[in-house]
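Peer 1: just a sequence and a predicted model for now, questions to come.
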Amino acid sequence: MSASAEISQHTFASSAALAEALAGELANRLRKAIAERGRALIAVSGGSTPKQLFDRLSQLALDWDKVYVTLVDERWVPESSDRSNARLVKAMLLKHAAAAAHFVPLYEAGQDTPEAGLVYLQARLSALPARFDAVVLGMGGDGHTASFFPGGDHLTQALDLQGRQRLWPMRAEGAGEPRITFSLPALLDTEALYLHIEGAAKREVFKQAETGEGAGAHYPVRAVLNQSRTPLSVFWSP
Ligand SMILES: O=C(O)[C@H](O)[C@@H](O)[C@H](O)[C@H](O)COP(=O)(O)O
């Protein structure tokens, strides 16, 4: 029998209410880390869902100059592309009070592939603690989370809980461009783990992933649910 994560569900009436609550929760995590260790490290997801959350979080008061922000995954495109998660984070999160935060990108300009960029990213990450203070995952309608895509070329390695490599290139039919993603064990190495999903369709996908019924059996997000290393807080709104 596979292990299952301790899951707490937080349901909100609107995406605005969710953004407000999750931003407050994340700010508290960051403040606590700064009080205990002098700095804080958070990994966030890209895509369209977190925009409101980022906007809200960016306005909360904390010692942002002690906060390091990175991504759980990135599309291998320059920041000038509107597919770039770095571009999104810079536009929506690193503003207002949060403009003082340090951004740690998962992309290296001038390197054509994630494989070629890997060594630069690893060097950048080696200056930071391995353990995150907070990780915010999203989920796609195909059951992917981070860049753990169904049929991904490095999916098995990226999901291996015993794996030592923290970043993996990922190519998959549903991924669009090549990607780079933190591995599952790297993302589970966090003080707090969140899954932020919105809309009835994604709630259905999540339920299928939880039960493993039908298509749900093959959803990569199941790997986050079927582990006992890190409790998961699920934030959902219509
Ligand atoms: O770069 C990305 O695409 C993400 O980090 C990805 O894992 C995202 O969280 C989901 O695809 C949900 O995306 P939406 O919010 O756009 O539905």
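Peer 2: Received the coordinates, thanks. Residues are numbered from 1 along each chain as shown.
Peer 1: measure residue 10 to the ligand for me?
Peer 2: When CB to the nearest ligand atom, to the nearest Å is applied, the distance between residue 10 and the ligand equals 17 Å. Just so you know, the C-beta spots here come from the backbone N, C-alpha and C atoms, and that holds for glycine as well.
Peer 1: equivalent analysis for residue 33, please.
Peer 2: From residue 33 across to the ligand, the span is 22 Å (CB to the nearest ligand atom).
Peer 1: average pLDDT for the helix or strand that contains that residue?
Peer 2: In the assignment (DSSP states H and E), residue 33 maps to helix 15-37. Rounded to a whole number, the mean pLDDT of helix 15-37 is 98.
Peer 1: i'd like the first residue to be 139 from this point on
Peer 2: Happy to do that; since the first residue is 139 now, the last one works out to helix 153-175.
Peer 1: mind listing what's buried in it?
Peer 2: Buried residues in helix 153-175, counting neighbours by 16 or more other CB atoms under 10 Å, are found at 153, 156-161, 163-165, 167-169, 171-172.
Peer 1: who does that helix touch, helix- and strand-wise?
Peer 2: Secondary-structure packing of helix 153-175 (3 or more CB pairs under 8 Å, 6 or more residues apart in numbering; DSSP states H and E): strand 178-182, helix 189-195, strand 272-275, strand 331-336, strand 370-375.
Peer 1: the same query, at a cut-off of 7 Å, please.
Peer 2: Applying 3 or more CB pairs under 7 Å, 6 or more residues apart in numbering; DSSP states H and E, one finds that helix 153-175 makes contact with strand 178-182, helix 189-195, strand 331-336, strand 370-375.
Peer 1: residue 259 is nearest to which of these?
Peer 2: For the helices and strands packed on helix 153-175, the distance to residue 259 is smallest for strand 178-182, at 12.9 Å, taking CB to CB.
Peer 1: hmm, who's touching the closest one?
Peer 2: Residues external to strand 178-182 that are found in contact with it (CB atoms under 7 Å, 6 or more residues apart in numbering): 164, 168, 171-172, 188, 204-210, 227, 266-267, 270-274, 320, 325.
Peer 1: got the CA coordinates for it in PDB?
Peer 2: This file holds the C-alpha atoms of strand 178-182, laid out as PDB (Å, rounded to 0.1, in the frame of the first residue of the first chain):
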ATOM      1  CA  ALA A 178      13.400  33.100   4.000                       C
ATOM      2  CA  LEU A 179      13.100  31.000   0.900                       C
ATOM      3  CA  ILE A 180       9.900  30.500  -1.100                       C
ATOM      4  CA  ALA A 181       9.200  28.700  -4.300                       C
ATOM      5  CA  VAL A 182       6.100  29.600  -6.300                       C
END
